[in-house]
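*Asks:* got a structure for you, letters missing:
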């Protein structure tokens, strides 16, 4: 199963290099002109602990505290959403499943809205994250009737129902606090501009999420065939599903609470990667992470490189540019298969 | 060798009992066909034996150990299932068969040389090795069924369960697939329990028959001892004619009396 072919190896190394190049390139972009070698020194100083020290303190602040933080945030959120999306699609055997399926986004949005309404936006991230976790707990309580045994639909329906409930609460709270609507709406549309100090926890959560999913990569392969077949082949279906749902939801919750709701990536990136590399999760998961990161970075970069776009939320950009690209991928791979 | 013994088994879903007081022993090398009209619990029977449905009452012993005491993973090393449910998926034939190795590969490992050898052997035995790089969904239904058989072989089970394994196949593939399974089972000392609708097909391959009616066993034993027009009439509510020739026995409904 985990045999690497030359093609797969090329795709992985190519994707990694592309990611690194894109990140470095975006470090050079911004209002202050900073040389590439300066940037490389700053990055190696920060990440590896040594460099030639040929940069000023201001350059270091710009490159590291401003640009790199924003890039890193985009990378982490993008990969987190893509990994969760890949897991959700397999667990629910539903190509339309996305990381927000179980009401995580609605819960996070409600949490964020509450913190905005209470005017304690310094606690927005904890509020949003708690909202996400509470919505997850709510969905599980509702769907627990018959355990989660064989209840892909139970869980899915419970998630949709809870989302609807939370959305109604969100709309109500927005209507009752009309003067803050624009703040809430802007948060909902997603952005990379705000919350830089949450990088480290986000990094740990996304890495942990990827690690857990990778440990269960072969279980996910078998699960893709259907729950009953997976049981015949020796997968402890309930346990594996529960573990992966919780870990994916935590990752999603963390991403959403930092960046707002960014659609498209968790839904489309895993499909795109699957079309290119095949359905095996051992390759699908890490490549989804890389391409999710690349996509969100590219979308965020567009708003930075082209000033006219700067006021458009990144969540809008991902859908605006991503959907046609995905349609193109569908068309090309579809034609190749005929 | 006694592989499976079922004692006083009641089975079904939650409050709905479908099978009552089933007693059966299965020996290595037997090919047992379960003959029953629609909706009498053939699938429930197979699922209970496979450990997917917990018994409501009674016990099932596999190699002397209670089925419920097995871990899912360990059970998959002993029991494999071949059904006719064709799932659309994007895996290649090789990847599908490698999934049969799932219970054998430890959590933090990748497939070993042994696993790959087992996959190749299983695919060669099932006659599907040449198609290993094809996508499962692109294969013909006969070939797909061979992939599923190869996957079951890769599990290296002691008991093979067949749930309508020939449902979507033409007559040539029906006989081909069952002949293949029977030969392999004989060679590898496996026992088979099969649910096959086509009685004549079942008769060609079974060493033993089990007749189910209203959730109870109404007859079981070696094929040529238990098969009779009477028991079929009892089961299906119509009269049958048995035709024996030197090698085998055929059954047809008696429509002209």
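*Replies:* All right, it came through fine. Quick caveat: nothing in here was measured; it's all calculated off a predicted structure. Numbering: from 1, shown residues only, chains lettered A, B, ... in the order given.

*Asks:* most centrally placed residue in the chain?
*Replies:* No chain in the question, so chain A it is. Among the residues of chain A, the one closest to the centroid is residue A:81, at 1.9 Å (Cα atoms, centre = their mean).

*Asks:* looking at chain B here, not the other one
*Replies:* Short answer for chain B (Cα atoms, centre = their mean): residue B:162, at 1.9 Å.

*Asks:* show me the helices in the stretch 1-150 of chain A, by range?
*Replies:* Here the stretch 1-150 of chain A has its helices, by DSSP state H, counting those that start in this stretch, at A:6-28, A:36-48, A:57-60, A:69-91, A:104-117, A:124-143.

*Asks:* coming back round to it: excluding its backbone neighbours, what's nearest the residue nearest to the centre of chain A?
*Replies:* If the residues on either side of it in the chain are set aside, residue A:81 comes closest to residue A:266, at 4.0 Å by Cβ to Cβ, 6 or more residues apart in numbering or on different chains. Heads up, the C-betas are built off the backbone N, CA and C, glycines and all.

*Asks:* quick one: residues contacting that neighbour.
*Replies:* Residue A:266 makes contacts with A:81-82, A:84-85, A:88, A:98-100, A:252, A:292, as judged by Cβ atoms under 8 Å, 6 or more residues apart in numbering or on different chains.

*Asks:* let's see it at 10 Å
*Replies:* By Cβ atoms under 10 Å, 6 or more residues apart in numbering or on different chains, the contact set of residue A:266 is A:78, A:80-89, A:97-101, A:105, A:248, A:252, A:255, A:288, A:292.

*Asks:* and the residue of the stretch 51-200 of chain B nearest chain A?
*Replies:* For the stretch 51-200 of chain B, the residue closest to chain A is residue B:76, as judged by Cβ to the nearest Cβ, at 3.0 Å.

*Asks:* and that residue, what pLDDT?
*Replies:* We have a pLDDT of 95 for residue B:76.

*Asks:* what's the first-to-last distance across stretch B:97-105?
*Replies:* Across its full length, stretch B:97-105 reaches 13 Å end to end, with Cα to Cα, to the nearest Å as the criterion.

*Asks:* ah, wrong one, I meant stretch B:85-105
*Replies:* First residue to last in stretch B:85-105 (Cα to Cα) measures 25 Å.

*Asks:* got the buried residues for that stretch?
*Replies:* B:89, B:91-105 (16 or more other Cβ atoms under 10 Å in any protein chain shown).

*Asks:* same question for stretch B:221-234.
*Replies:* Neighbour-count burial for stretch B:221-234 [16+ other Cβ under 10 Å]: B:223, B:226-227, B:231-232.

*Asks:* closest to chain A among those?
*Replies:* Distances from chain A to those, taken by Cβ to the nearest Cβ, are shortest for residue B:223, at 27.0 Å.

*Asks:* which stretches of the stretch 51-200 of chain A have low pLDDT?
*Replies:* Applying pLDDT under 70 to the stretch 51-200 of chain A picks out residues A:51, A:144-153, A:192-197.

*Asks:* toward the C-terminus from the strand or helix carrying the residue nearest to residue A:81, list the very next helix or strand.
*Replies:* Here residue A:266 sits within helix A:265-277, counting by DSSP states H and E. Next along the chain after helix A:265-277, taking DSSP H and E as the criterion, comes helix A:281-305.

*Asks:* quick check: angle from that next one to helix A:265-277?
*Replies:* 120 degrees (axes from the mean of the first three to the mean of the last three Cα atoms, to 10 degrees).

*Asks:* helix A:281-305 and chain B in contact?
*Replies:* Yes: counting by Cβ under 10 Å from any Cβ of the partner chain, chain B has neighbours in helix A:281-305: residue A:282.

*Asks:* in that helix, what counts as buried?
*Replies:* A:281-304.

*Asks:* over to stretch A:32-49?
*Replies:* A:34, A:38-43, A:45.

*Asks:* which residues of the stretch 151-257 of chain B lie near chain A?
*Replies:* Along the stretch 151-257 of chain B, the residues adjacent to chain A under the rule Cβ under 10 Å from any Cβ are B:151-152, B:154-155, B:161.

*Asks:* if you rank those residues by neighbours, which is first?
*Replies:* Neighbour tally across these (other Cβ atoms under 10 Å in any protein chain shown): the maximum, 29 neighbours, falls on residue B:151.

*Asks:* can you give me how far the longest helix along chain B is from the chain middle?
*Replies:* In chain B, assigned by DSSP state H, the helix with the most residues is helix B:171-187. Helix B:171-187 has its C-alpha centroid displaced from the chain centroid by 12 Å (Cα atoms, centre = their mean, to the nearest Å).

*Asks:* so, low pLDDT: which residues of the stretch 1-150 of chain B?
*Replies:* If you take pLDDT under 70 as the line, the stretch 1-150 of chain B has these spans: B:86.

*Asks:* mind listing the strands for it?
*Replies:* B:2-13, B:16-27, B:31-35, B:57-62, B:65-66, B:79-83 (DSSP state E, counting those that start in this stretch).

*Asks:* just checking: what are the partner strands of the third one?
*Replies:* Here strand B:31-35 has these sheet partners by DSSP bridges: strand B:191-195 (parallel), strand B:208-213 (parallel).

*Asks:* cool, the second one as well?
*Replies:* Strand B:16-27 has the following strand partners under DSSP bridges: strand B:2-13 (antiparallel).

*Asks:* buried residues in the partner strand?
*Replies:* Quick answer for strand B:2-13 (16+ other Cβ under 10 Å): B:3-6, B:9-12.

*Asks:* try stretch B:123-139
*Replies:* Here stretch B:123-139 shows B:123, B:125-126, B:128-129, B:131-132, B:135-136, B:139 as buried, counting by 16+ other Cβ under 10 Å.

*Asks:* which residues does the nearest residue to residue B:25 once chain neighbours are set aside form a beta bridge with?
*Replies:* With sequence-adjacent residues excluded and distances taken as Cβ to Cβ, 6+ apart, residue B:25 is closest to residue B:5, at 4.6 Å. Residue B:5 forms beta bridges with residue B:25, residue B:61, as assigned by DSSP bridges.

*Asks:* still on that earlier bit, can you narrow the buried residues of stretch B:85-105 to ones near chain A?
*Replies:* B:89, B:91-92, B:94-105.

*Asks:* which single residue of the stretch 201-338 of chain A ends up nearest chain B?
*Replies:* residue A:234 (3.0 Å).

*Asks:* from what I see, that residue and residue B:99 are in contact.
*Replies:* Yes: contact criterion Cβ atoms under 10 Å: residue A:234 and residue B:99 qualify, at 9.5 Å.

*Asks:* common neighbours of these two, please.
*Replies:* With Cβ under 10 Å, 6+ apart as the test, residue A:234 and residue B:99 both reach A:222, B:155.

*Asks:* what is the neighbour count of residue B:235?
*Replies:* 20.

*Asks:* and if you look at residue B:200?
*Replies:* 13.

*Asks:* against residue A:270, how distant is residue B:167?
*Replies:* 33 Å (Cβ to Cβ, to the nearest Å).

*Asks:* do the same with residue A:182
*Replies:* On the measure of Cβ to Cβ, residue A:182 and residue A:270 end up 33 Å apart.
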